[in-house]
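1. generate a structure from the sequence data that follows.
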Amino acid sequence: MAFSVCCRAMPKGKGAKGKKVTLKMAKNAVRVTQDGRRRLSLSNMGIVTFPKCLLKLTNIDELDLSRNLIQKLPDDIGNFRSLSWLDLHSNKLEAVPESIGKLMGLTHLNLCNNYLTSAGLPATLGSLSGLKSLNLGLNRLDALPPDMAGLTSLQELGLFDNLFIRLPEFVSMLSGLTKLNIKRNPLSCTEGDGADMMQDSSEPEEDMYLVTEGSLCSTCLQRCKEDRRKGREKKEKRRRTYDVWRIQHSDSPVTLTL
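-> Here you go, the predicted model:
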């Protein structure tokens, strides 16, 4: 499972209390996936407060509350013992409750694009020994709890667009880790700090959503335009370099700029 791009604008025109979710509404939103999992998606609904009625649906396997305005998770989040997949990207979370460590069946956790600080990450995250994918990109993190060394099943870790100067030593000791995205951090890379574990450049960096400009916040829209401009410049530079090589080809070594 590749990391998803999290840059989405929040719904406009909602009142201060946000969208009210009733138990009936939540039950009607539950779907059964092809592999038999019970999935509840309440994404992009302008929800400000975690709906208490969801605590009566703790038997669901997958919960998507992404692209809302949720500022705090209840301690009761730990009651969702059947959860294997939890998506909270693009909210306003500043911290994660310690009870998150009770979700022992969790394999995928997406907390991208929130307001999380290192102080807001509980040590109990390290209890999620079955976690395979963790996305913490686009937050305000400069450190990780040492207890996260217990994430022995972790295969994918997203730390992009944060404030890391140096990666925790335990990251390089996560033996199962195959993808590590640490782009756009103020890293001072030194040998052995885990920075050499970047994902294979032959694979896509992230799953992409096709959206219109109106679906993006101004900051994300500007970033996308800048990335697109740089991509075009790089492509043109590669083309010019190849043309020169093709015209001037000889037996001498040629450096191809990528």
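2. all contacts plus neighbour counts: C-alpha atoms, from now on.
-> Will do.
3. name the element the closest residue to residue 107 other than its chain neighbours belongs to?
-> Of all residues not flanking residue 107 in the chain, residue 131 sits nearest, at 4.0 Å (C-alpha to C-alpha, 6 or more residues apart in numbering). Applying DSSP states H and E as the criterion places residue 131 outside every helix and strand.
4. would you map the helices across the stretch 51-200 of the chain?
-> Taking DSSP state H, counting those that start in this stretch, the stretch 51-200 of the chain contains no helices at all.
5. tell me where it has strands.
-> 62-64, 85-87, 108-110, 133-135, 156-158, 179-181 (DSSP state E, counting those that start in this stretch).
6. distance to residue 22, mean neighbour count and mean pLDDT added to those strands, as a markdown table?
-> Formatted as a markdown table, the strands of the stretch 51-200 of the chain follow (distance: least, C-alpha to C-alpha, whole Å; neighbours: other C-alpha atoms under 10 Å; pLDDT from 0 to 100):
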| stretch | distance to residue 22 | mean neighbour count | mean pLDDT |
| --- | --- | --- | --- |
| strand 62-64 | 16 | 21 | 98 |
| strand 85-87 | 20 | 20 | 99 |
| strand 108-110 | 24 | 20 | 99 |
| strand 133-135 | 29 | 23 | 98 |
| strand 156-158 | 33 | 22 | 98 |
| strand 179-181 | 38 | 22 | 96 |
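7. make JSON lines from these and add distance to residue 171 to it.
-> Compiled in JSON lines, the strands of the stretch 51-200 of the chain are given as follows (distance: least, C-alpha to C-alpha, whole Å):
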{"stretch": "strand 62-64", "distance to residue 171": "27"}
{"stretch": "strand 85-87", "distance to residue 171": "22"}
{"stretch": "strand 108-110", "distance to residue 171": "17"}
{"stretch": "strand 133-135", "distance to residue 171": "13"}
{"stretch": "strand 156-158", "distance to residue 171": "9"}
{"stretch": "strand 179-181", "distance to residue 171": "9"}
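8. distance check, the residue nearest to residue 107 against residue 175.
-> Residue 131 sits 13 Å away from residue 175, going by C-alpha to C-alpha, to the nearest Å.
9. residue 38 is nearest to which of the strands of the stretch 51-200 of the chain?
-> Closest of the strands of the stretch 51-200 of the chain to residue 38 is strand 62-64, at 6.3 Å (criterion: C-alpha to C-alpha).
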